Every structure is written in structure tokens, then in C-alpha cells.
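K.L.:
model this:
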Amino acid sequence: MADKRKQNGGHSTKPRDASDKRLLTKAESEKANEIFIKALKEIFSVDNDEVAKVRFIKETLLESQRGQLFVAEHIFGKAPQEINQLNYNVDEKDLDEAEIKRIRDAIESKF
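P.N.:
Here you go, the predicted structure:
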């Protein structure tokens, strides 16, 4: 009997869609990494992969604020992108005239 569930969500063993060009296979990713390391070794005239990476971090990434942020996020983890939103539902009938005036004045002074 055929599986009648359509588009049943993703899971870790799902094969990659051929139309999804954004994702690199593991082999492609490793090949790109090798190419970058080779280029760094040529730029810094060194034979050791680790030395080339360290020099790139020290001499290139840490020279700019954006590079420093990149390094910090990889060392310490990225800061959470969180917005705390508080919604208070208050009926006007629950407020007396003094409170309404105080709220209205506070809003007008801010905006």
C-alpha cells in the first residue's frame, strides 16, 4: 500500500533535494576547506595548516570590528536574539481618571 502522507516533513535521513543548491555535500564542503587552506598557506608562505589559520585570524580577522565579532561569536557563542514583549490588557473601566491622565501624559511625553 502506498504511503498517502504528502510532504510529511523533514527528518535527518531525508535525502537532499537535487533542486536545493544552497547545501553542499560533505565532500564538497571538505574540498572547499582544502582550497581555502591551500590559499592561506600560499598567502602567508607557510607549510603548516594550523599556522596558516592562526595567522589569518590574527592578521586579517582581528583587524576589523566585524572580524572580531565573528571570532567572539565562535569562541563564546552567539548572543541570543530575544525580544521580551509584555502585553498588558487593561480595561479603561478599571482605571480612574487620575490614572488615565497619568498614562496619557506619559505617552505624549514619549512621542
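
K.L.:
When you work out contacts or count neighbours from here on, use the C-alpha atoms and nothing else.
P.N.:
Will do.

K.L.:
Count the residues that sit near residue 40.
P.N.:
Residues within reach of residue 40, counting by other Cα atoms under 10 Å, total 20.

K.L.:
And the one 10 residues further on, by the same measure?
P.N.:
Residue 50 is surrounded by 12 other residues when neighbours are defined as other Cα under 10 Å.

K.L.:
again with residue 72
P.N.:
Using other Cα under 10 Å, residue 72 has 13 neighbouring residues.

K.L.:
Within the helices and strands, which one has it?
P.N.:
Assigned by DSSP states H and E, residue 72 belongs to helix 65-76.

K.L.:
cool, and residue 78?
P.N.:
For residue 78, there is no enclosing helix or strand under DSSP H and E.

K.L.:
rewinding a little: what's the next secondary structure element after the helix holding residue 72?
P.N.:
Going down the chain from helix 65-76, the next helix or strand is helix 97-110, by DSSP H and E.

K.L.:
buried stuff in the helix holding residue 72?
P.N.:
For helix 65-76, the buried set under the neighbour-count rule, 16 or more other Cα atoms under 10 Å, comprises residue 68.

K.L.:
so how far is that helix off the chain centroid?
P.N.:
Chain-centre distance of helix 65-76: 12 Å, with Cα atoms, centre = their mean, to the nearest Å.

K.L.:
what do you get for stretch 79-99?
P.N.:
Mean-position distance between stretch 79-99 and its chain equals 30 Å (Cα atoms, centre = their mean).

K.L.:
same check, this time on stretch 104-111
P.N.:
Remark: stretch 104-111 is offset 36 Å from the chain centroid, using Cα atoms, centre = their mean.

K.L.:
for it, which positions count as buried?
P.N.:
By 16+ other Cα under 10 Å, stretch 104-111 has no buried positions at all.

K.L.:
Output the contacting helices and strands for the helix or strand where residue 50 lies.
P.N.:
Assigned by DSSP H and E, residue 50 belongs to helix 49-59. Here helix 49-59 touches helix 26-44, going by 3 or more Cα pairs under 8 Å, 6 or more residues apart in numbering; DSSP states H and E.
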